[in-house]
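Asker: Give me a 3D structure for the following:
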Amino acid sequence: MSGTLISTARGKVPQRAIRHIDELPYAASYASTMDFGAADSFVFATPAGRRGKVIEVALFDVTETFNSVTTAARVEIGDGTDADGFAFTDDFADGTAGQVFTSYDDTITAGVLGDIIEGGDQVTVTCVAPIGGTPTGIGQLAVTVLYFQ
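Answerer: Okay, here's the model as predicted:
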């Protein structure tokens, strides 16, 4: 069964396939309210035995406007030593609209350590404030990681 897709035309996963469900990739999201002006950050742990790749960074429920003059806000994802070790986003647009950055449309760039996070790692998500504008932006930030063997 290893390496075989689990599928069914009737919407019910066969019992024999359930034993292999742990072999499938899965996505997990980590979210927090972030104040970009305060350079907020949060840390999450990746599961042992699974590698990961950041596939989406989403900003929503903006409560303080993003405003830049010289440099726009962005998010860096790393290992605590290299802030942008695994990934970083394109620049945030000014305003209060929600924004989504994905690996699929190249608005997330691979970091200096590469884009694969090893299992059992500590990952730091850091908000980089815009420069030259006020206010600097506050909102909910969610980072989605695809985990695989």
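
Asker: In terms of secondary structure, what does the one helix or strand in the chain whose mean pLDDT sits lowest contact?
Answerer: Here the helix or strand of the chain ranked lowest by mean pLDDT, DSSP states H and E is helix 15-18, holding a mean of 80. Helix 15-18 sits against no helix or strand, with contacts defined as 3 or more C-beta pairs under 8 Å, 6 or more residues apart in numbering; DSSP states H and E. From N, CA and C alone the C-beta is placed, and that goes for glycine too.

Asker: in that helix, what's buried?
Answerer: Within helix 15-18, the residues that qualify as buried are A17, counting by 16 or more other C-beta atoms under 10 Å.

Asker: Now do the end-to-end distance for stretch 95-102.
Answerer: 20 Å (C-alpha to C-alpha, to the nearest Å).

Asker: Over to stretch 33-41?
Answerer: Using C-alpha to C-alpha, the two ends of stretch 33-41 sit 10 Å apart.

Asker: Name the single longest strand found in this structure.
Answerer: Among the segments of the chain that qualify as a strand by DSSP state E, the longest is strand 51-64.
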